[in-house]
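In: Test case, fold it:
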Amino acid sequence: MTAQTTPALPTFYVTTAIPYVNGDPHLGHALELVQADVLARHARLRGRPTRFLTGTDDHALKNVTAARAAGREVGRFVAEHVEDFRALRPALSLSTDDFLSTSTDPRHRPGVEALWRRCADAGDFYRRSYEGLYCTGCEQFYSPDELDASGRCPEHLPLPERVVEENWFFRLSRHADAIRDAIVSGRVRINPAAKRNEVLAFLDAGLEDFSVSRPTSRSDGWGVPVPGDPSQVVYVWWDALTNYVTALGYGADPADPAAADDYRTWWAGGDERVHVIGKGITRFHAVYWLALLLSAGVPLPTTIHVHDYVTAGGAKLAKSAGTAVHPVGLVDVYGTDALRWWFAREVPLLGDAEFTTERLVARHDDELAHGVGNLVNRTLTLVHRFRDGVVPTLPHDRTTVPDELSAAVGQVGTDVDAALADADLRAATGAVRRIVDAANRYVDAEKPWVLAARERAGDAGAAVLLDQVLARLVQACRVVAVELSPFVPDGAARLREQLGAQADGPDRVGTPVPVFPRLG
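Out: A predicted model of the protein is given here:
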């Protein structure tokens, strides 16, 4: 008889877009980081090999402009702001495995150059003069019909500037059919479907070749020089997009095979390659990035999850518009659990989410403090009151009559998995909430204090029923704590600590202490 081997679970590589560092992080950056972190934590919870990458986009012209305005040397200015983004990891309880800063990480430039050369070998570059309307906020050229009625960029307030320069261009139009085929076939899934349809409509309108370099003089030499042409630096979007593979060792020295192990594991030979991005950069990821990879003969991402914006006062959060909300400041006042829970519960799969501190507090207090916290507190109190903190053991051969609580507990894993496959954090947390609601109703219906009174009066049947009620409540609370861990990892860890679960000896629970103290 040969030994049975367990098949390896599929790998999961998830990335965020990398933000410019011309100013402080805002709530929109935090949203994307938390969404990707939830997906990474959930994959690990299910036993999947997982890698989570984020970083910073250092070579943007807007970074140069901001440094000039501040009277600072660009490299020092960028390095200081990179640290502000690194600081989001502890503040938001992120489980990132890697952080790539494009200006300083030694892995990045060789990979950018390698990808450029592959596309050059494919014949996809040519050089020509160009005149167009350039938005430094987006770091891209716009045609007049892409601007709003006042001639402004749809994403940023300042009027685009007219720029005349000579650049290298990429033959984007050559790859239109291959991009469409990858999306329509499902080889690259763009989620939600409405965003997929927007990309297909953009393809239907026809693709124009786009500029992929900038004059070195315009950026004061800040950026990766174009291989073979030091008069130009690589366009920031080309530079930034490659971070998803340069962080894995793409372009590493071929004399060092071990240097590219991560690339083979997570990209070339990986199972799921997932990007989490905002709607304003869908075109770059779902069209331009695919074209670059197709040109270079590199595998495509498998999924692109697109989220809409967090707004305040109906306006998109943005440094340039003065509407930024600093996530670390919110965490300092309200805590990490409250902010992460707001992202999970208030941000829809499709559509913008209006942020107010009142909504953040209300969500936390209603669903974490009152809902989860109250359930766990009353469960532990009942176990201590009636069983001295020892969780009753149920017979293995007992038959449980299906009810609302058992259905919610039994279904939660399937429902959470399905929801997070679509990056629908609201639906996933809704499945966990169903256990909490069902368990609270179960307590009210079974009235364990009444069963305890009957037990004291000598009713053996009541004692058995009380054991069952308490054991089922503890089980439900433990499932809630586990399934909450991707969303509120700090609070979930405190729940698990209180709920115990001994490997040997009596199965005891801890003393009830509020895990989610009320904020309001």
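
In: and residue 277, which of the three is it?
Out: Assigned state for residue 277: strand (three-state reduction, DSSP: H, G, I helix; E, B strand; the rest coil).

In: Residue 99 now?
Out: Assignment for residue 99 (three-state DSSP): strand.

In: What is the burial count for it?
Out: Neighbour count for residue 99, taken as other C-beta atoms under 10 Å: 19. From N, CA and C alone the C-beta is placed, and that goes for glycine too.

In: biggest helix in this structure by residues?
Out: helix 460-484 (DSSP state H).

In: Tell me which helix or strand comes right after that helix.
Out: Where DSSP states H and E defines the elements, the next helix or strand beyond helix 460-484 is helix 489-499.

In: Could you count how many residues lie near residue 97?
Out: Residue 97, neighbours per other C-beta under 10 Å, totals 15.

In: Ignore what I typed, I meant residue 81.
Out: Neighbour tally, residue 81, other C-beta under 10 Å: 22.

In: Contacts only, for it.
Out: 21-24, 56, 63 (C-beta atoms under 8 Å, 6 or more residues apart in numbering).

In: Now, those that are in helices?
Out: Reading helices off those with DSSP H, I get residue 63.

In: picking up where we left off before, got the angle for the longest helix of the chain vs helix 489-499?
Out: Taking axes from the mean of the first three to the mean of the last three C-alpha atoms, to 10 degrees, one finds helix 460-484 and helix 489-499 inclined to each other by 160 degrees.

In: before we move on, back to that, quick one: which of the contacts of residue 81 is most hemmed in?
Out: residue 56 leads those on contacts (other C-beta under 10 Å) with 29 neighbours.

In: Using CSV, write out every CA atom in stretch 42-58.
Out: The C-alpha coordinates for stretch 42-58 follow below in CSV (Å, rounded to 0.1, in the frame of the first residue of the first chain):
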residue,chain,number,x,y,z
HIS,A,42,-8.4,34.6,4.9
ALA,A,43,-6.2,32.6,2.4
ARG,A,44,-3.8,31.8,5.2
LEU,A,45,-6.6,30.8,7.5
ARG,A,46,-7.7,28.3,4.9
GLY,A,47,-4.2,26.9,4.8
ARG,A,48,-3.1,28.3,1.4
PRO,A,49,0.5,29.4,0.8
THR,A,50,0.1,33.2,0.6
ARG,A,51,2.2,36.2,-0.2
PHE,A,52,1.0,39.8,0.3
LEU,A,53,2.9,42.7,-1.3
THR,A,54,2.6,46.5,-1.1
GLY,A,55,5.0,49.4,-1.4
THR,A,56,5.4,52.9,-2.7
ASP,A,57,5.6,54.5,-6.2
ASP,A,58,8.6,56.8,-5.8
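
In: average pLDDT for that stretch?
Out: In this model, stretch 42-58 has a mean pLDDT of 97.

In: what's the answer for stretch 355-374, then?
Out: Rounded mean pLDDT across stretch 355-374 is 97.

In: likewise stretch 102-109?
Out: On average, stretch 102-109 scores 95.

In: try stretch 121-139
Out: Mean predicted confidence for stretch 121-139 is 79.

In: Following element in sequence after the helix or strand bottoming out on mean pLDDT in the chain, please.
Out: Between all helices and strands in the chain, the lowest mean by mean pLDDT, DSSP states H and E belongs to strand 140-142, at a mean of 64. Next along the chain after strand 140-142, taking DSSP H and E as the criterion, comes strand 161-170.

In: packing partners for that following strand?
Out: Helices and strands touching strand 161-170, by 3 or more C-beta pairs under 8 Å, 6 or more residues apart in numbering; DSSP states H and E, are strand 125-135, strand 210-211, strand 213-215, strand 229-234, helix 289-296.

In: re the thing from before, narrow the contacts of residue 81 to those in strands?
Out: residue 56 (DSSP state E).

In: JSON lines for the contacts of residue 81, including distance to residue 376?
Out: Formatted as JSON lines, these follow (distance: C-beta to C-beta, whole Å):
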{"residue": "21", "distance to residue 376": "41"}
{"residue": "22", "distance to residue 376": "44"}
{"residue": "23", "distance to residue 376": "41"}
{"residue": "24", "distance to residue 376": "36"}
{"residue": "56", "distance to residue 376": "39"}
{"residue": "63", "distance to residue 376": "46"}
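
In: Out of the contacts of residue 81, which is nearest to residue 8?
Out: Proximity of the contacts of residue 81 to residue 8 (C-beta to C-beta) peaks at residue 56, which lies at 32.7 Å.

In: and residue 305, that's in a helix?
Out: No. Counting by three-state DSSP, residue 305 falls outside a helix, being strand.

In: who does it bridge with?
Out: residue 191, residue 276 (DSSP bridges).

In: what's around it, how many residues?
Out: 24.

In: Tell me which of the helices and strands packed on strand 161-170 is the most buried.
Out: Neighbour counts (mean count of other C-beta atoms under 10 Å) averaged over each of these peak at helix 289-296, with a mean of 23.

In: tell me the mean pLDDT over that one?
Out: In the prediction, helix 289-296 has an average pLDDT of 98.
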